[in-house]
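J.: Build me a model:
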Amino acid sequence: MEGVMREIVRFVALLLLFLAVPVRATIVRVEVSIANQTATVFEDNVQTQQWAVSTGRPGHDTHKGTFTVTYMDKHHRSSIYKSKRTGIGSPMPYAVFYDGDRALHGTTDVNRLGTPASHGCVRLHPDNAETFFNIVTRVGKQNVTIIVS
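T.: Model prediction:
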């Protein structure tokens with residue numbers, strides 16, 4: 001009986017040791033190139049995605065810099081840009097905010113992807129915006145860096 005108890009204690013000690021080892025979070029970096037109108041996603045320094053985007057058109061700059069994710073909203077509507085017909089904010093699906101009111105988000109204007117067309121945000125195809133939103137959700141916004149250059 002004493003030998004069985006010793007084995008149980010050893011097993012529990014090993015189990016606690018295993019549970020105490022921290023799991024390292026995946027680090028995500030997205031590099032937005034204004035010149036190339038692309039967003040490239042890296043997970044732990046391995047490129048996993050690259051998409052055409054639309055950044056700010058003349059007079060509506062997309063700010064350059066290194067940013068962290070501040071807020072996310074799957075069904076966001078703009079509080080700044082509204083439909084003249086309905087008065088409802090423009091849809092910004094899968095919005096990942098990083099610089100005040102600037103975000104990476106989906107757009108219905110997919111035929112303009114690859115050219116500057118936004119009011120300063122980074123527009124993505126809705127499928128790609130959903131993918132990026134899900135990546136950020138999976139790894140945690142604290143583990144995501146957005147670099148715009």
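J.: what does stretch 35-46 contact?
T.: 26-33, 47-55, 104, 113-116, 122, 124, 128, 132, 135, 139 (Cβ atoms under 8 Å, 6 or more residues apart in numbering). For the C-beta atoms, the positions are set from N, CA and C on the backbone; glycine is no exception.
J.: Can you list the buried residues in that stretch?
T.: If you call a residue buried by 16 or more other Cβ atoms under 10 Å, then stretch 35-46 has these buried ones: 37-43.
J.: Just the ones of the contacts of stretch 35-46 in strands?
T.: Among these, the ones falling in strands (DSSP state E) are 28-33, 47-52, 104, 122, 124.
J.: Buried subset of the residues you listed as a ChimeraX selection?
T.: The ChimeraX command for the buried members of the ones in strands among the contacts of stretch 35-46 (criterion: 16+ other Cβ under 10 Å) is given here:
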select :28,29,30,31,32,51,52,104,122,124
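J.: Nearest to residue 62 among the ones in strands among the contacts of stretch 35-46?
T.: residue 122 (6.3 Å; Cβ to Cβ).
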